[in-house]
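> give the three-dimensional model of this entry:
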Amino acid sequence: MIRAMIRAASSPTNDSPPAPVLEAFGLAPDTARPAASGLINRTWHVRSRSGEPLVLQRVNPIFPDAVNDDIDALTRHLASRGLVTPRLVPPIGGGRSFRFDGETWRVLTAIDGVAKDALESAGEAREAGRILATFHRAVADFQAGLANARLGVHDTARHLARLRRALDEHRAHAEIARVRPLAERVFEHASRLPPLPKAADRVVHGDPKISNILFDRAGRALCLIDLDTLARMPIALELGDAMRSWCNPNPEDSPDSHLSLPLFAAAVEGYAEAAGGLLDESEWSAIPDATLTITVELAARFCTDALEERYFRWDPERYGSSSAHQQARVDGQLALAASIEAELDEMRRIVRRAFGSSA
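So this is what the prediction gives:
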């Protein structure tokens, strides 16, 4: 769902991949360069012995090995539909990944593109919407089961209940006096969430943040990357997650977080142009409310980790503790939620116009 998710509590180090891993995939020694992105899975740019550019990843243990089966099946499906997509490169001994020293390693083909941390224009927002709709259309007939099901990833009620438990279980936490008022604000926003319509599950990317979209040098979106989060869920939740990420021009821990209506409109219009009749009217109409729901849900998750301090990555150069950074993220997401609440009527009008153009 978000760029910050990782077990480690600090920035990844610049360690080099072990020699047996390089050998297992036939990679040229001394070509590994740490990637700027790849915060869930430790990532390097590498080359094969023949000079082909590739991507090497040490897979985070939050993912089961079966996630590579899902990625292989889905990327084969995408390629058969003519879409640009990274593909798994098997190790020399066969299989889809390589185990070394208790860790799972994999290699993917490299896509010549640029990843962005934030949208810079309405044009980029339109492109992001277009490529996500293209992805959704391509996987609409994907029938294979997903071994890494990720059930309940957007079960908002469950995340709120977990926050209540954390408040009770961590009453002795040094930051409890600061976290408790934040939690009450989360619960207040949650009490106002509009109900989302029931909808069938669809195959979705699962973490459509902007840094998981590659663009070419001309600004055209090429593909989605980081496919560990594949899931089946109502598509409005995926789109709400995307809009929450794409349409806030500030970092998620900024107190100035807010929804940009121009970015939202461009993203929705780009999605509509490529989606055609993929979504029904109830799925379309749920997008604004789902954007608000995912924002409040994420605030709850940050607030929980402000006490548990074990899930989300934090920046030790800007904050004195993980809890302090998570508290700033709660503030940022609640500011965004308030902005979305104020713009819901206009967001709904934008979506209605887009639905009419896509029908």
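> switch to C-alpha atoms for all contacts and neighbour counts from now on
Will do.
> check residue 12 and give its pLDDT.
For residue 12, the pLDDT comes out at 39.
> check what pLDDT residue 85 gets.
We have a pLDDT of 97 for residue 85.
> list the contacts for it?
The contact partners of residue 85, by Cα atoms under 8 Å, 6 or more residues apart in numbering, come to 75, 78, 79, 111, 223, 224, 225.
> now do the SS call for it.
coil (DSSP: H, G, I helix; E, B strand; the rest coil).
> how much space separates the residue in the chain sticking out farthest from the centre from residue 188?
Most distant from the centre of the chain: residue 50, at 33.1 Å, with distances by Cα atoms, centre = their mean. To residue 188, residue 50 is 58 Å away according to Cα to Cα, to the nearest Å.
> sticking with the residue nearest to the spatial centre of the chain, tell me its helix or strand.
Using Cα atoms, centre = their mean, the residue of the chain that lies closest to the mean C-alpha position is residue 207, 2.4 Å off. Using DSSP states H and E, residue 207 maps to neither a helix nor a strand.
> and the end-to-end length of stretch 89-107?
Terminal-residue distance, stretch 89-107 (Cα to Cα): 5 Å.
> hang on, I meant stretch 84-98
Stretch 84-98 has an end-to-end distance of 25 Å (Cα to Cα).
> do stretch 210-224 as well
End-to-end distance for stretch 210-224: 9 Å, by Cα to Cα.
> residues touching stretch 140-147, excluding its own?
Taking Cα under 8 Å, 6+ apart as the rule, stretch 140-147 contacts 66, 67, 69, 70, 73, 74, 77, 202, 203, 230, 231.
> gap between the fourth one and residue 85?
Distance from residue 70 to residue 85, counting by Cα to Cα: 14 Å.
> over to the second one?
According to Cα to Cα, residue 67 and residue 85 sit 16 Å apart.
> how about the fifth one?
Between residue 73 and residue 85 the computed distance is 12 Å (Cα to Cα).
> could you do the first one as well?
Taking Cα to Cα as the criterion, residue 66 is separated from residue 85 by 19 Å.
> before we move on, what about residue 109?
Distance of residue 109 to residue 85, given as Cα to Cα: 9 Å.
> what's the answer for residue 318, then?
For residue 318, the distance to residue 85 - Cα to Cα - is 35 Å.
> how many neighbours does residue 172 have?
Residues near residue 172, counting by other Cα atoms under 10 Å, number 11.
> what's the pLDDT at it?
Looking at residue 172, its pLDDT is 98.
> likewise for residue 1?
Predicted confidence (pLDDT) for residue 1: 36.
> residue boundaries of the helices in this structure?
Ranges of helices in the chain, per DSSP state H, are 19-24, 67-80, 122-138, 156-169, 176-191, 235-246, 261-275, 281-285, 287-308, 322-358.
> now the longest one against helix 176-191, angle please.
In this structure, helix 322-358 runs at an angle of 10 degrees to helix 176-191, with axes from the mean of the first three to the mean of the last three Cα atoms, to 10 degrees as the basis.
> give the buried residues for helix 322-358.
Within helix 322-358, the residues that count as buried by 16 or more other Cα atoms under 10 Å are 322-341, 347-348, 350-351, 354-355, 358.
> what about residue 86, distance to residue 193?
37 Å.
> do residue 56 as well
For residue 56 relative to residue 193 (Cα to Cα), the value is 41 Å.
> burial of the nearest residue to residue 71 once chain neighbours are set aside, as a residue count?
In this structure, residue 71 finds its nearest non-sequential neighbour in residue 227, 6.2 Å apart by Cα to Cα, 6 or more residues apart in numbering. Neighbourhood size, residue 227 [other Cα under 10 Å]: 22.
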